[in-house]
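How does the following fold in three dimensions:
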Amino acid sequence: MASVSVVFRKDKINKKGLAPIHFRIIKDRKVSYIASTILIPEDSWDADKQKIKGKHQNSARLNSLLTNKFAELQDNVYEYETTHKSTTTSQLKESIYGKKPLFFFVFAEKANETFLKDGKIGTYDKNKAIIAKLKAFANSSGLTFQDITPDYLSKYQRYLKDTLNNKTNTANNSLKFINQMFKQAYNQDLIEHNIIPFNKFKIKAESTERFYLSEGELSLIENYYPTPGTKMVLHRDMFVFAAYAGGIRVSDMLQLKWKYFDGTNLNITMKKTGGQISIKVPDKALAIMEKYKVIESNNNDYIFPVLSNDLDIHDARALDSALSSATAHINKNLRFIAGKINLDKPLSFHISRHTWATRALRKGMSIDKVSKLMGHAQLKEKQIYAKIINSELDKAMDIFND
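Numbers count the residues shown, from 1 in each chain. Okay, here's the model as predicted:
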């Protein structure tokens, strides 16, 4: 059981010679203090009787206040301990006076710093922009978690769409980040579950179409021949390679080195998830790799010569900048190719990923194997590709309506 006592904190005497009286809670040898708001000179305190001496001009009133508060505190501690099997002094204190207000921006910026330390610059920058948008709306750095109610979120959602002209999913990304912060704060026992606004406020996602290429459309890209020796040839080859070799993300493609290839398999640690995969490279993709193998190549050279071999991959900001610049160049060239072959789809490198997945499923690969090779960590990603294939099966069944 916890013990409660009244103590004079002479270790906290101020410049006027006054010290506070606190209520002390001790449980399992751990101590917590609750302020009484009363300050008196050291010579006015009776340590044996734990009360203010009669010579103090307000002793009667202040002692009455301490007695009543002490009794109330004892009752609250007893009531909380009888309803909770295991408690700490801080939990007892919080049960009586509640948790201190937690400032959202202080917490969010500290949480976001972890992405910077982990070298996830893109995620860090995206979250930083989300925090900046909320700061502009709040117009105050003193926003607390308690201030963010369902009504507050509704108004903020309206602001994102009407004032900032954010698309639904862009606005949802901002709301999802706020939701993540609430989950983290709750898991760290910094806020109570009942103040989480997302218990009532629901984020409604807008469905987006996943584009992928048919075999015929992929063949058009394979058989398109840009000017030899140009970057467009390299970018076309990288797209086709990914469409055959596991739908590798562009950030991972750009960082593929010969040392990751053992003669049959590419062994990759994925930049986005940190997961490790081993992809057996099919013949078509092997032929593309051989095209870029030169006599003087060494294990530390990039398979696809886009990034400079001198790039310091340990400089997270420099690496992110190089990857972003290269990806933009690749996508620009892919859009040019799409125009040349009259492809009516918004061609980007990411479509090679969806193309590989749907092709693999059509060829009979199980959804679990497809998900494993793509490094998916979430069930919803499996369900998206399964839905694509099921829709094709539905169309196939229409032959019985002819």
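
ok so Leu343 is a helix residue?
No: under DSSP: H, G, I helix; E, B strand; the rest coil, Leu343 sits outside any helix and is assigned coil.

tell me the contacts of it?
Contacts for Leu343 were tallied using CB atoms under 8 Å, 6 or more residues apart in numbering; they are Glu217, Leu220, Ile221, Ile337. Where C-beta positions appear, they are placed from N, C-alpha and C, glycine not excepted.

next one: Lys257
Lys257 touches Asn299, Asn300, Asp301, Tyr302, Ile303, counting by CB under 8 Å, 6+ apart.

of those residues, closest to Thr123?
Tyr302 (23.5 Å; CB to CB).

what's the pLDDT at the closest residue in space to the closest one that isn't next to it in sequence?
Nearest residue to Tyr302, sequence neighbours excluded (CB to CB, 6 or more residues apart in numbering): Lys257, at 5.7 Å. Looking at Lys257, its pLDDT is 93.

Same question for Glu206.
pLDDT, Glu206: 69.

which residues in the stretch 251-400 of the chain form strands?
265-269, 276-280 (DSSP state E, counting those that start in this stretch).

So for Ser321, which of those sits nearest?
Set against Ser321 and scored by CB to CB, the strands of the stretch 251-400 of the chain come closest in strand 265-269, at 20.7 Å.

for the closest one, packing partners?
Judged by 3 or more CB pairs under 8 Å, 6 or more residues apart in numbering; DSSP states H and E, strand 265-269 is in contact with strand 276-280.

partners of the strand it packs on in the sheet?
strand 265-269 (antiparallel) (DSSP bridges).

Next, the buried residues of the partner strand.
For strand 265-269, burial by neighbour count (16 or more other CB atoms under 10 Å) applies to Leu266, Ile268.

Over to stretch 40-54?
Buried residues in stretch 40-54, defined by neighbour count with 16+ other CB under 10 Å: Ile40, Ser44, Trp45, Lys51, Ile52.

so how far is the longest strand belonging to the chain off the chain centroid?
The single longest strand within the chain, with elements called by DSSP state E, is strand 30-41. Averaging C-alpha positions (CA atoms, centre = their mean, to the nearest Å) puts strand 30-41 40 Å from its chain's average.

Ok, stretch 155-169 next?
With CA atoms, centre = their mean, you get 21 Å for stretch 155-169.

again with stretch 342-358
26 Å.

tell me the residue furthest from the middle of the protein?
Relative to the C-alpha centroid of the chain, counting by CA atoms, centre = their mean, Lys55 is the outermost residue, at 60.6 Å.

and Lys30, how many residues sit next to it?
Around Lys30 there are 11 other residues, counting by other CB atoms under 10 Å.

how close does it get to Gln50?
21 Å (CB to CB, to the nearest Å).

Tell me how this protein divides into domains.
3-97, 104-199, 215-399 (automatic domain parsing).

for the chain, what spans make up the helices?
Counting by DSSP state H, one finds helices in the chain at the ranges 59-83, 89-97, 104-117, 121-138, 150-162, 168-187, 215-222, 231-244, 250-254, 283-291, 316-340, 350-362, 367-374, 379-396.

re earlier: of all the domains of the chain, which lies closest to Ala205?
Among those, the nearest to Ala205 by CB to CB is domain 104-199 (5.8 Å).

how near is Ala316 to Asp43?
61 Å.

make that Thr355, sorry
Shown here: Thr355 relative to Asp43, a distance of 84 Å by CB to CB.

List of residues touching stretch 299-317?
116, 119-121, 234, 237-238, 241, 253-259, 261, 289, 292, 318-319, 322-323, 326, 330.

which of those residues count as buried?
116, 119-121, 234, 237-238, 241, 253-257, 261, 289, 292, 319, 322-323, 326, 330.

Output the below-cut-off pLDDT ranges for this protein.
Residues of the chain that meet the criterion pLDDT under 70 lie in 84-100, 206-208, 376-402.

Columns distance to Lys12 on top of the helices of the chain, output as a markdown table?
Below are the helices of the chain laid out as a markdown table (distance: least, CB to CB, whole Å):
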| stretch | distance to Lys12 |
| --- | --- |
| helix 59-83 | 17 |
| helix 89-97 | 17 |
| helix 104-117 | 26 |
| helix 121-138 | 35 |
| helix 150-162 | 38 |
| helix 168-187 | 30 |
| helix 215-222 | 74 |
| helix 231-244 | 65 |
| helix 250-254 | 55 |
| helix 283-291 | 71 |
| helix 316-340 | 45 |
| helix 350-362 | 60 |
| helix 367-374 | 59 |
| helix 379-396 | 54 |
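
Which among the ones you listed is found nearest to Arg24?
helix 89-97 (9.3 Å).

Could you give the number of residues near the closest residue to Glu222 other than its chain neighbours?
Once flanking residues are discounted, Glu222 sits nearest to Val240: 5.4 Å by CB to CB, 6+ apart. Counted with other CB under 10 Å, the neighbours of Val240 add up to 21.

show me the contacts for Val240.
Leu218, Ile221, Glu222, Lys284, Ile288, Ser352.

Please tabulate these in a markdown table and include neighbour count and distance to Thr269 as additional columns.
A markdown table is the format used below for these (neighbours: other CB atoms under 10 Å; distance: CB to CB, whole Å):
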| residue | neighbour count | distance to Thr269 |
| --- | --- | --- |
| Leu218 | 20 | 28 |
| Ile221 | 21 | 28 |
| Glu222 | 16 | 29 |
| Lys284 | 13 | 24 |
| Ile288 | 21 | 22 |
| Ser352 | 28 | 20 |
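
which one of those sits closest to Ile341?
Ile221 (6.7 Å).

unless I'm mixing things up, that closest one is touching Leu213, no?
Yes: when contacts are counted by CB atoms under 8 Å, Ile221 is listed as touching Leu213 (7.4 Å).

returning to what we had before: quick one: list the elements packing against the longest strand of the chain.
Strand 30-41 packs on strand 3-8, strand 18-27, helix 59-83, helix 89-97, going by 3+ CB pairs under 8 Å, 6+ apart.

Perfect, I'm done here.
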